[in-house]
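*Asks:* sequence and predicted structure are below.
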Amino acid sequence: MDLIAAVFALLAALFFGLTSHVQKIAVQGTEVVLGAFLSVGTMALTLWLLAPFVIEFSWFQTRAAAIFAICGIVFPALSQRWQLISVQQVGPALTSAIGSFAPLFAVTLAVLFLGEHLNLQGALGIALMLAGLLVSALGPGKGIARGFPLIALLLPLGASLARGVVQPATKFGFEEVNSAFFASLIMSTVATFVLGLWMALAAKRAPLRWTSKGNLVFFINGLVVCSGILSLQLAISFGAVSLAAPLASTTPLWTLLLGVLIFRNEHLTWRHLIMALLVCVGAALVVTR
């Protein structure tokens, strides 16, 4: 089971890494607030079309459905919103750096409330992975924004905490209904309504910028996000959060590899190599813990 969970966690990181590149293309034509709604809405619609063949409708009457619904408000809705505001207020470098601590929050909560065990080797592996992600986030040319109030740090911290909290919370829901598909369906549906509300409020203040190409790419992004979130939920359903969360956080490594090998918009540096080494060694320690 651990091997299956590890494969799905890495697959989730790969899809999330691909999302970074797809979004770069999409935002050139369509605003992020509209794009987020289109992406998550596409995910929800796709899952609903498949739902009659996969789920039991009695599951909607369970406590797990309520847990997954609350998770949907937190992630991707709130976490995405806080992430975007954080980039504007404190800068992308610090947002990315603090975001790297999401697996630490997830594992800590899993150990405290789910009774998961984390030995010294696993803890060392997570520490190495965090170090690698921080090296990537705080590299040259990614200076930390200055002049913001200290309380603004709550924005990236909140986004990171939101992503971390959802994983053990989802695992708790799986004790009643162990269906990654059902969890993803509920989360994406709730998130679509929340993001739709934010989009409507934004549209009242000013017209939203969009193009047909940008919207189309965001629809494609929704399918990628759907694959990523579903893979992450499968990883959590098959294995421990302390295994899935760190491996799913290797997204920056996959973003780099895709940028070098496919999109041709990244160039390898010694800092990238250090990041890759730390993340790979850390991941190996977590998997074999």
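*Replies:* Good, I have the coordinates.
*Asks:* can we go C-alpha only for contacts and neighbour counts from here?
*Replies:* Will do.
*Asks:* the helix or strand containing residue 220: what's the following helix or strand?
*Replies:* Using DSSP states H and E, the element containing residue 220 is helix 212-238. For helix 212-238, the succeeding helix or strand toward the C-terminus, using DSSP H and E, is helix 241-248.
*Asks:* quick one, helices of the stretch 101-250 of the chain?
*Replies:* Shown for the stretch 101-250 of the chain, the helices assigned by DSSP state H, counting those that start in this stretch span residues 102-113, 120-137, 154-174, 180-205, 212-238, 241-248.
*Asks:* and the fifth one, what does it pack onto?
*Replies:* Using 3 or more C-alpha pairs under 8 Å, 6 or more residues apart in numbering; DSSP states H and E as the contact criterion, the secondary-structure elements in contact with helix 212-238 are helix 2-26, helix 32-54, helix 154-174, helix 180-205, helix 241-248.
*Asks:* ok, then the element right after the shortest one?
*Replies:* Next along the chain after helix 241-248, taking DSSP H and E as the criterion, comes helix 251-261.
*Asks:* quick one: that following helix to helix 2-26, angle?
*Replies:* Here helix 251-261 runs at an angle of 60 degrees relative to helix 2-26 (axes from the mean of the first three to the mean of the last three C-alpha atoms, to 10 degrees).
*Asks:* what's the angle from helix 251-261 to helix 120-137?
*Replies:* 50 degrees.
*Asks:* among the helices and strands packed on helix 212-238, which is nearest residue 111?
*Replies:* helix 241-248 (7.9 Å; C-alpha to C-alpha).
*Asks:* contacting residues around that closest one?
*Replies:* 2, 5-6, 9-13, 103-104, 106-107, 110-111, 116-118, 126, 129, 167-168, 171, 232, 235-236, 283, 286-287 (C-alpha atoms under 8 Å, 6 or more residues apart in numbering).
*Asks:* residue 53 is nearest to which of the helices of the stretch 101-250 of the chain?
*Replies:* helix 180-205 (10.9 Å).
*Asks:* and the helices and strands packed on helix 212-238: which comes nearest residue 98?
*Replies:* helix 154-174 (6.1 Å).
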